[in-house]
Structure formats: structure tokens, C-alpha cells
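Participant: Please work out how this folds:
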Amino acid sequence: MRWIYFFKIRYKEKRLIDLKKTLTDDKIELPDNFWFNIQKYKENLFKWNKIHNLTGAKSEEMVDEFIYDAVYPVSFLPKVDTLLDIGTGAGFPGMILAIALPDTKVTLVEPLMKRASFLQFVKADLGLTNVTVVKKRVEEMEHQIFDIITSRAVTDTKMLLKLSDGFRDENSQLLFYKGEKVYDEVEDMKHKIIQTQNRHYLLMKGDGK
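Facilitator: Sure, this is the predicted structure:
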């Protein structure tokens, strides 16, 4: 059965709208130090990006869009102990979720040295004790079960299910950040889709049921 949830997102209607105001207006609960840490994260990202080209998001407006996109699921995700982010890249969504969810142990899997080094630097600079950075392909990791597995713009859903096998069980949840093509990828799967103007958040149970 296909479930689709639609939300009117003011943020996407006006690119230059203030990120803090929008998240506040959306009543997304965030820790007291979220904005301090996000500002430090952005400063580090812009410095590193000039040299290492970590992400295509070059402007503050685009980075803010990526941050909003990453953190929005906090509005509907349950509180969990562990989270695995496959292919974190420059931090989206895993590092942003780690900043937003200080009580969740977040494992960021990123095989590229420059990106993994950046994530490790941010972890140290922000003092994020809930973050573990793994510089490997997820296929090379020792299997363990996580409460939630996330991924953004890595590969199609069937491959993500294959990559996450061994890291989930019937109690786990999968959250994949997708675009409109998600409907073609999950036609025969049980799922929920929470849709904003520019994002389709695909939610699936760990056992696929």
C-alpha cells in the first residue's frame, strides 16, 4: 500500500528566507546549541570546499537548503539510539542529523578521504561525542544493527536495500532522501513517502513489511 504525505513548505517557496525562522515556524524541535554548531559547520564547509571541492553547494543559500532538507525528518522521526548514514559526503544528511539529535549515536560512512577527513574535523571542532566517522565503503563494514539507516543521493532504492542488508532488522527503519523518480523505484515495495516541494522522503521498515 502506498502512503503519500504532503506538506506545504514555506522555505522552498522563497530561496532567501531565513533558515532559523523557517525551522522555528515549522515547530521542529532542535537542541539549544544547534544554531551555534550549524554556523561553525557552515564556516568549516566553506573553507574546506574552496580547496577540496566537497560539495556542489557553493553559496550560503544553497547550503541552507541542504541543511533544511537534511534536518526536516526530525519533525517525523521517532527518537532512536543509533543511526547509520550511508555515503555522508560533506555531511548531508548524516552530520546535520547528528547535530540535531545529540542523544542518538550517529555513524557516518564515507569512503572518500577528503570528505571523511572533513567529517572527522567537524566532529572534533564541534565536540560531537555522538558521531563516529567510518572511512570505508559500507560493504566493508562489520555488520551491526541500527535503529535507522539514512542515505541521500547515493544510489537507487534496490541497491540501498542491498547495501543496508546486515545493518537492519524488523525493528529498524529506512529513510532515503529521494526525488520524483522514487515512485518508479518502489512500485512493488511497501513504503511511505513524505513529500515536500522538492524532496520525497522514503520511509520503509527494516524487514520490508
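Participant: Quickly find the element holding F176.
Facilitator: Using DSSP states H and E, F176 falls within strand 173-178.
Participant: Neighbouring strands of that strand in the sheet, and parallel or not?
Facilitator: Strand 173-178 has these partner strands in its sheet, going by DSSP bridges: strand 148-152 (parallel), strand 200-205 (antiparallel).
Participant: Give me the mean pLDDT for the longest one.
Facilitator: To tie it back to what came earlier, the one meant is strand 200-205. Strand 200-205 carries an average pLDDT of 94.
Participant: Likewise for the shortest one?
Facilitator: Model confidence over strand 148-152, given as mean pLDDT, is 97.
Participant: Name the nearest residue to L54, sequence neighbours excluded.
Facilitator: Closest residue to L54 apart from its sequence neighbours, by C-beta to C-beta, 6 or more residues apart in numbering: A90 at 4.0 Å. Where you see a C-beta, it was placed from the backbone N, CA and C, and this is true even at glycine.
Participant: buried sites along the top helix by length along the chain?
Facilitator: The longest helix of the chain (DSSP state H) is helix 34-52. Of all the residues in helix 34-52, those buried under the rule 16 or more other C-beta atoms under 10 Å are 34, 37-38, 41-42, 44-45, 48-49.
Participant: And stretch 70-83, by the same measure?
Facilitator: For stretch 70-83, burial by neighbour count (16+ other C-beta under 10 Å) applies to 70-74, 77, 80, 82-83.
Participant: before we move on, back to that, for the helix or strand just after the longest helix of the chain, packing partners?
Facilitator: Beyond helix 34-52 on the C-terminal side, the first helix or strand identified by DSSP H and E is helix 60-71. Applying 3 or more C-beta pairs under 8 Å, 6 or more residues apart in numbering; DSSP states H and E, one finds that helix 60-71 makes contact with helix 10-13, helix 19-25, helix 34-52, helix 94-100.
Participant: for the record, mean pLDDT for the first one?
Facilitator: Rounded to a whole number, the mean pLDDT of helix 10-13 is 41.
Participant: ok, now which ones touch the residue most central in space within the chain?
Facilitator: Computing the C-alpha centroid of the chain and ranking residues by C-alpha atoms, centre = their mean puts P93 first, at 2.1 Å. Residues in contact with P93, defined by C-beta atoms under 8 Å, 6 or more residues apart in numbering, are 69-71, 73, 85, 150, 152, 177.
Participant: Equivalent analysis for H143, please.
Facilitator: 166-167.
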